[in-house]
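Enquirer: Coordinates only, no sequence provided:
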Ligand SMILES: [Fe+2]
Ligand SMILES: [Fe+2]
């Protein structure tokens, strides 16, 4: 047998079988990805790349129904014109995708020029020439949430009913993924809302510090972004900021809102709040990673802070960031015993403390945010 004999011809049954196996294995790979990631954007992008590859299409896209308007919005598109296409909205019922979304049925259109439903606006905007389309509904628990479509078979061939079935199976898995990622996002949102409520409850113990935790969080998140920290780290800082004074829950209100100077004993009780906060969070596994920011927000860069007397970069970055945000808000808020300091005086205090109380790098980032007009303090007189 010659080498040429061993290689099946493109149309031979063996070649077709191999082609099928390739497609199925791509589908399987995709299934494991779908089950392992909650990053919706990344997931949809992979799904679309696989759809193009498996079906041999020039381009593909996912349109999701905008619940507010009912229009279909291009969420992910592959191919060269993906940026332009994302701006386009397809009204429900219009075009092939709109028809598929409204009817909840798949559609194979071999020649769009002969189909009056074809919505040419996307082609006009992108200069892409659509010849054929396979479009299938994206259904989650029986409800259509969008449409998946692939355009033009590479090499000018035709899509078949078999391609429709493949795309339907892919769409089914995609819909589950979209639902999971949305549920996860909702869960995250309600979790952050709950933490915000808790933070507001802590602040409410002392009317003079109302809004303190949310302002500290705002400054700390801006600092994290200014320092170009990862999205995950900024999320961590957001929650640590909201909860940084959670340990004050254990401090009597008579101490928290005392108008005069604290006695040594009262001050010692007050100084325990970062440790108390850490102890409160420790049993809650999903919040345990927030402990460093909370426990270390009163450490000082020169090692003279509390509770651990940690020095310089021994202090976790979240603690150094929240420390600056916390001090600035404390200075620019009215207290029982003094009116707020002006922004200028507070900024000068930060500068004076750089390298001593504060990490100089974080103070620099704060100045740059202030100069960009991103820091909004409590107006004087409130
Ligand atoms: Fe504190
Ligand atoms: Fe604080």
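Expert: Arrived safely. The model shown is predicted, which means the values in this text are computed figures rather than measured ones. Ligands and ions are numbered 1, 2, ... in the order given.
Enquirer: Can you name the residues bridging to residue 335?
Expert: Beta-bridge partners of residue 335, counted by DSSP bridges, are residue 338.
Enquirer: now it: how far from residue 159?
Expert: From residue 335 over to residue 159 the distance is 71 Å, taken as CB to CB, to the nearest Å. Any C-beta I mention is one placed from the backbone N, CA and C, and that applies to glycine too.
Enquirer: Look at those two and report which has more neighbours.
Expert: With neighbours defined as other CB atoms under 10 Å, residue 335 and residue 159 compare such that residue 159 has more, 22 against 15.
Enquirer: ok, that one - contacts?
Expert: Going by CB atoms under 8 Å, 6 or more residues apart in numbering, residue 159 touches 55, 57, 108, 110, 132, 134, 150, 153.
Enquirer: Give me the neighbour count for the nearest residue to it once chain neighbours are set aside.
Expert: Excluding its sequence neighbours, the residue lying closest to residue 159 (CB to CB, 6 or more residues apart in numbering) is residue 134, at 4.9 Å. Residue 134 sits with 29 neighbouring residues when counted by other CB under 10 Å.
Enquirer: For residue 134, which residues count as its bridge partners?
Expert: residue 108, residue 150.
Enquirer: pLDDT score assigned to it?
Expert: Here the pLDDT value assigned to residue 134 is 96.
Enquirer: my read: it touches residue 107, true?
Expert: Yes: with contacts counted by CB atoms under 8 Å, residue 134 reaches residue 107, the gap being 7.5 Å.
Enquirer: what about residue 354, how many residues close to it?
Expert: Residue 354 has 18 neighbours, counted by other CB under 10 Å.
Enquirer: Name the residue closest to the centre of this protein, please.
Expert: The C-alpha lying nearest the average C-alpha coordinate of the chain belongs to residue 231 (CA atoms, centre = their mean; 7.4 Å).
Enquirer: From residue 224, how far off is that one?
Expert: Distance, residue 231 to residue 224, using CB to CB: 9 Å.
Enquirer: again with residue 356
Expert: 22 Å.
Enquirer: ok so, going back, how far away is the residue nearest to residue 159 from ligand 2?
Expert: From residue 134 over to ligand 2 the distance is 57 Å, taken as CB to the ion, to the nearest Å.
Enquirer: May I have the residues that are in contact with that residue?
Expert: Applying CB under 8 Å, 6+ apart, the residues near residue 134 are 55, 57, 106-109, 149-150, 159, 163-164, 167.
Enquirer: Leaving out sequence neighbours, find the closest residue to the single nearest residue of the stretch 151-300 of the chain relative to ligand 2.
Expert: Nearest to ligand 2 in the stretch 151-300 of the chain, going by CB to the ion, is residue 245, at a distance of 4.4 Å. With sequence-adjacent residues excluded and distances taken as CB to CB, 6+ apart, residue 245 is closest to residue 202, at 5.6 Å.
Enquirer: Show the pLDDT at the one you found.
Expert: Looking at residue 202, the pLDDT reads 82.
Enquirer: Could I get the contacting residues of it?
Expert: For residue 202, the contact set (CB under 8 Å, 6+ apart) comprises 213, 245-246, 248-249.
Enquirer: ok, of those residues, which one's closest to residue 284?
Expert: Relative to residue 284, the closest of those is residue 246; by CB to CB it sits at 10.8 Å.
Enquirer: Give the burial count for that closest one, as a bare number.
Expert: Using other CB under 10 Å, residue 246 has 26 other residues around it.
Enquirer: Flag every residue of the chain that's near ligand 2.
Expert: With CB under 5 Å from the ion as the criterion, the chain comes near ligand 2 at residues 245, 326.
Enquirer: Give me the below-cutoff pLDDT ranges for the chain.
Expert: Low-confidence segments of the chain, defined by pLDDT under 70: 1-11, 23-39, 79-80, 82, 207-208, 380-382.
Enquirer: any idea how far residue 140 lies from residue 45?
Expert: Remark: distance between residue 140 and residue 45 (CB to CB) = 19 Å.
Enquirer: again but with residue 144, I slipped
Expert: Per CB to CB, residue 144 is found 21 Å from residue 45.
Enquirer: How about residue 268?
Expert: Residue 268 is 55 Å from residue 45, where distance means CB to CB.
Enquirer: These two - which one has more neighbours?
Expert: A direct count of neighbours by other CB under 10 Å for residue 268 and residue 45 places residue 45 higher, at 17 against 11.
Enquirer: helix or strand for that one, which one?
Expert: Following DSSP states H and E, one finds residue 45 within helix 40-55.
Enquirer: and that helix, what other elements does it pack with?
Expert: helix 13-34, strand 57-65, strand 72-77, strand 143-153, helix 161-204 (3 or more CB pairs under 8 Å, 6 or more residues apart in numbering; DSSP states H and E).
Enquirer: Name the residues that touch the shortest one?
Expert: With contact meaning CB under 8 Å, 6+ apart, strand 72-77 is reached by 41, 44-45, 47-48, 59-66, 82, 85-92, 97-98, 101, 122, 146-147.
Enquirer: For those residues, I'd like a selection string for ChimeraX - just the buried members, please.
Expert: Selection of buried members from the contacts of strand 72-77 for ChimeraX, criterion 16 or more other CB atoms under 10 Å:
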select :44,45,47,48,59,60,61,62,63,64,65,82,85,88,90,92,97,98,101,122,146,147
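Enquirer: what's around the nearest residue in space to residue 272 that is not next to it in sequence, how many residues?
Expert: Residue nearest to residue 272 in three dimensions, not counting chain neighbours: residue 247, with 7.0 Å by CB to CB, 6+ apart. Residue 247 has 22 neighbouring residues, counting by other CB under 10 Å.
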